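K.L.:
The amino acid sequence is not available; the structure is as follows:
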Ligand code: ADP
Ligand code: MG
């Protein structure tokens, strides 16, 4: 080894690196340590998290990467010391995840950090142990150590009480940590990840299982099996990954995971391009589940926009975005999108069975999830519940149902000969929403499920569910945790009205846990919207004449019958004059 790999950057280079804090919360520490381990060529990384009721007490990341010499181990903590770039010219060609040379220094400034490391294949018999507190090296000695690096972080934010105060509940912080690990695991199928919390394994992916295997490990084989591979090349870039079939959609884009050259990033534009590729295969407000990696010339990507490197700037952005949309569209066009996924068996064979089993074998909770077979008729009970709802005056003009089109729209005739089309789902959604809101002051109306719906969730979602429990209880859900990331839903709000179908309960919970409803400042409102949406009669359900009549009568008694809670129209009208005009009747 000649000299040292790590160099302190010259001030000019430093100044051009967007300054900023990288350590906001425990998850940011985990992110930086994981990125360092990946940059060091690790093939296997272990994250250990300890917590007590007050919060996260210790983070430890162990890798089998290239390790550091004793000099490097000390230098690594100096601000702007990095082995990854030399000067500003290199900034345009960053292939590593790190490059700012400030993560370890920033972490060590707000915590106690112990680094134990031994270089790989160096013949060095001993490793080095360095303890840094408040930015100062307070201990340095030789220790026996395996090849690779272990970083232990304790007393995070001990000297910055303001930052500590901003931390959310322990479960929220854990959810962020799992989220970071998931994103990196998805972008790095070549590395085996394991996350352990208080001695219990929370997630594990296998090395060289590839992306699909990582997805199966993180989200379950059921989802992985139905995904559609995408692999497209243009002169500019290669787009690869997996896309969900349209029926596996979400209410927000949080499940669209994007990486560029293996770096997990967030980009509203790229997410929008992926969504655009689905076109009308998805309803306007739904998003797919997608795992997309773009590989393009490093010179086209500027990752140096934001200190956490989650945002990037692209040159030739327009071309890249339209290539992404086109590739998604083409991948979807080339396959059978029916629910009975035709390609399922093929994909299944590529999945190496994960060990240990990622999902506890409880009652096959995902068996019907997203299988989405819909009842073809509406049970009368579903309408009877809202029968007496509201005493408001009739806001809709009188109309008489004539029939149904496409089992989706009710056709009705007004007294003056106006033709009305009513979206049955949007209408019912409005009815249920108004009813729940109107009765908010009373105790929530719940209905017990005949069979509790059992949910096994990935760690990130189960932490989110624990967090959401108080709001859910307010709205009438009875949810109990009874095992590792396993929950039983025993009762649901009456408005959900889906006793027969545990799939609906699961989908509702899944919607409740995803980003938009989680971050909505009015969580109760968000929950109500989702319950109304999930409880409402779907498109594609046949209604009897009497049911059509009752649905219209109930809609007429709501306060704002013309739109659903999301603001979409419930009723479209063609008045007689317009009809006459269309037939050129004077
Ligand atoms: P950066 O990753 O931006 O270079 P860091 O502060 O995160 O900055 O790390 C500083 C340097 O310490 C890295 O450039 C690398 O040389 C070394 N280093 C950090 N973590 C590891 C690790 N897990 N294995 C080997 N070297 C590491
Ligand atoms: Mg780094």
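P.N.:
Sure, I can see it. Predicted model, so just to flag it, every value in this text is computed and none were measured. Ligands and ions are numbered 1, 2, ... in the order given.

K.L.:
Lowest mean pLDDT among the helices and strands, pick that one out for the chain.
P.N.:
helix 344-350 (a mean of 35; mean pLDDT, DSSP states H and E).

K.L.:
what does stretch 458-472 rub up against?
P.N.:
With C-beta atoms under 8 Å, 6 or more residues apart in numbering as the test, stretch 458-472 has contacts from 169, 171-172, 174-175, 178-179, 182, 195, 197, 202-203, 218-220, 455, 457, 479, 481, 485, 487, 509-510, 512-513, 518, 523-524, 527. The C-beta positions use only the backbone N, C-alpha and C, and glycine is treated the same way.

K.L.:
In the stretch 151-300 of the chain, what residue lies closest to ligand 2?
P.N.:
When scored by C-beta to the ion, the stretch 151-300 of the chain has residue 151 as its residue closest to ligand 2, at 10.6 Å.

K.L.:
near ligand 1, anything from the helix or strand where that residue lies?
P.N.:
Here residue 151 sits within strand 148-154, counting by DSSP states H and E. Yes. Under the criterion of C-beta under 6 Å from any ligand atom, strand 148-154 makes contact with ligand 1 via residue 149.

K.L.:
mind checking how far the helix or strand following that strand is from the chain centre?
P.N.:
Note on strand 148-154: by DSSP H and E, the next helix or strand toward the C-terminus is helix 161-166. On the basis of C-alpha atoms, centre = their mean, to the nearest Å, helix 161-166 sits 26 Å off its chain's mean C-alpha point.

K.L.:
Ok, stretch 538-557 next?
P.N.:
Centre to centre, stretch against its chain (C-alpha atoms, centre = their mean), the figure for stretch 538-557 is 35 Å.

K.L.:
can you tell me how far the residue lying closest to residue 302 once chain neighbours are set aside sits from residue 459?
P.N.:
Nearest residue to residue 302, sequence neighbours excluded (C-beta to C-beta, 6 or more residues apart in numbering): residue 313, at 4.1 Å. According to C-beta to C-beta, to the nearest Å, residue 313 stands 32 Å off from residue 459.

K.L.:
So for those two, which residue has more residues nearby?
P.N.:
Legend: neighbour count by other C-beta atoms under 10 Å for residue 313 and residue 459, higher for residue 459 (23 against 13).

K.L.:
Look at residue 158 and report its pLDDT.
P.N.:
According to the prediction, residue 158 has pLDDT 87.

K.L.:
number of nearby residues for the nearest residue to it once chain neighbours are set aside?
P.N.:
Leaving aside its sequence neighbours, residue 158 sits nearest to residue 111 (C-beta to C-beta, 6+ apart; 6.8 Å). Look at residue 111: counted by other C-beta under 10 Å, it has 24 neighbours.

K.L.:
Let me see the contact set for residue 111.
P.N.:
Applying C-beta under 8 Å, 6+ apart, the residues near residue 111 are 29, 153, 154, 155, 156, 157, 158.

K.L.:
Is residue 511 part of a helix or strand, or is it coil?
P.N.:
Following DSSP: H, G, I helix; E, B strand; the rest coil, the label given to residue 511 is helix.

K.L.:
From what I see, it and residue 534 are in contact.
P.N.:
Yes. With contact defined as C-beta atoms under 8 Å, residue 511 counts as touching residue 534 (7.1 Å).

K.L.:
of those two, who's got more company?
P.N.:
Higher neighbour count among residue 511 and residue 534: residue 534, with 23 against 20, using other C-beta under 10 Å.

K.L.:
Can you check what pLDDT the model gives that one?
P.N.:
84.

K.L.:
Skipping adjacent residues, who's closest to it in space?
P.N.:
Residue 534's closest residue in space is residue 508 (C-beta to C-beta, 6+ apart), at 4.4 Å.

K.L.:
and that neighbour, that's in a helix?
P.N.:
Yes. The assignment for residue 508, made by three-state DSSP, places it in a helix.

K.L.:
That one and residue 494, how far apart?
P.N.:
In terms of C-beta to C-beta, residue 508 sits 13 Å off from residue 494.

K.L.:
Looking at those two, which one has more neighbours?
P.N.:
The neighbour comparison of residue 508 against residue 494 (other C-beta under 10 Å) goes to residue 508, with 24 against 19.

K.L.:
tell me the contacts of that one?
P.N.:
Neighbours of residue 508 in contact, by C-beta under 8 Å, 6+ apart: 492, 496, 530, 531, 534.

K.L.:
Give me the neighbour count for the residue nearest to residue 540 when sequence neighbours are not counted.
P.N.:
Nearest residue to residue 540, sequence neighbours excluded (C-beta to C-beta, 6+ apart): residue 407, at 5.0 Å. Other residues within reach of residue 407, judged by other C-beta under 10 Å, total 15.

K.L.:
With that, I have no additional questions.
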